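Asker: Would you be able to build a 3D model of this:
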Amino acid sequence: MRTSRRVPRLTRIKFLMSTDAVLNSNEEVFISYGDLSNLDTLCDYGFVSSTNPVNTETLPLRTLLLPGQTLQVTIHANGSIDGDT
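Answerer: A predicted model of the protein is given here:
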């Protein structure tokens with residue numbers, strides 16, 4: 001005997017934004033997400049920016065020269081790298 005499972009209908013998600021400023025009907029509104037890395041905006045909001053000035057990623061690295069040790073390396077948006085030694 002085959003049973004079917006009823007899939008719940010998706011509900012509409014409502015989003016409300018308010019301001020004290022006076023806006024014209026065709027005026028563009030900008031939202032600040034704060035100082036977030038691309039990984040944060042991807043996970044939380046579903047996008048990344050190629051021009052994100054605060055984007056940093058920290059990677060664990062293991063090398064052949066230091067077996068058994070893991071180094072933490074941070075890569076900044078400008079391409080510079082910081083790492084522990």
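Asker: for residue 36, what are its contacts?
Answerer: 44, 52, 54 (C-beta atoms under 8 Å, 6 or more residues apart in numbering). To be clear about C-beta, it is placed using only N, CA and C from the backbone, and glycine gets the same treatment.
Asker: Residue 72 versus the first one, what's the distance?
Answerer: Taking C-beta to C-beta, to the nearest Å as the measure, residue 44 and residue 72 are separated by 23 Å.
Asker: Same question for the second one.
Answerer: Here residue 52 is placed at a distance of 21 Å from residue 72 (C-beta to C-beta).
Asker: what does the last one give?
Answerer: When distance is defined by C-beta to C-beta, residue 54 is 18 Å away from residue 72.
Asker: roughly how far is stretch 42-57 from the heart of the chain?
Answerer: 5 Å (C-alpha atoms, centre = their mean, to the nearest Å).
Asker: ditto for stretch 76-85
Answerer: With C-alpha atoms, centre = their mean, you get 19 Å for stretch 76-85.
Asker: same deal with stretch 25-39?
Answerer: 13 Å.
Asker: Start and end of that stretch, how far apart?
Answerer: Stretch 25-39 has its terminal residues 34 Å apart, counting by C-alpha to C-alpha, to the nearest Å.
Asker: Please apply the same query to stretch 57-72.
Answerer: Termini of stretch 57-72 sit 10 Å apart (C-alpha to C-alpha).
Asker: That stretch: which residues count as buried?
Answerer: Within stretch 57-72, no residue counts as buried by 16 or more other C-beta atoms under 10 Å.
Asker: what do you get for stretch 71-85?
Answerer: Quick answer for stretch 71-85 (16+ other C-beta under 10 Å): residue 77.
Asker: same question, stretch 25-38
Answerer: Quick answer for stretch 25-38 (16+ other C-beta under 10 Å): 36, 37, 38.
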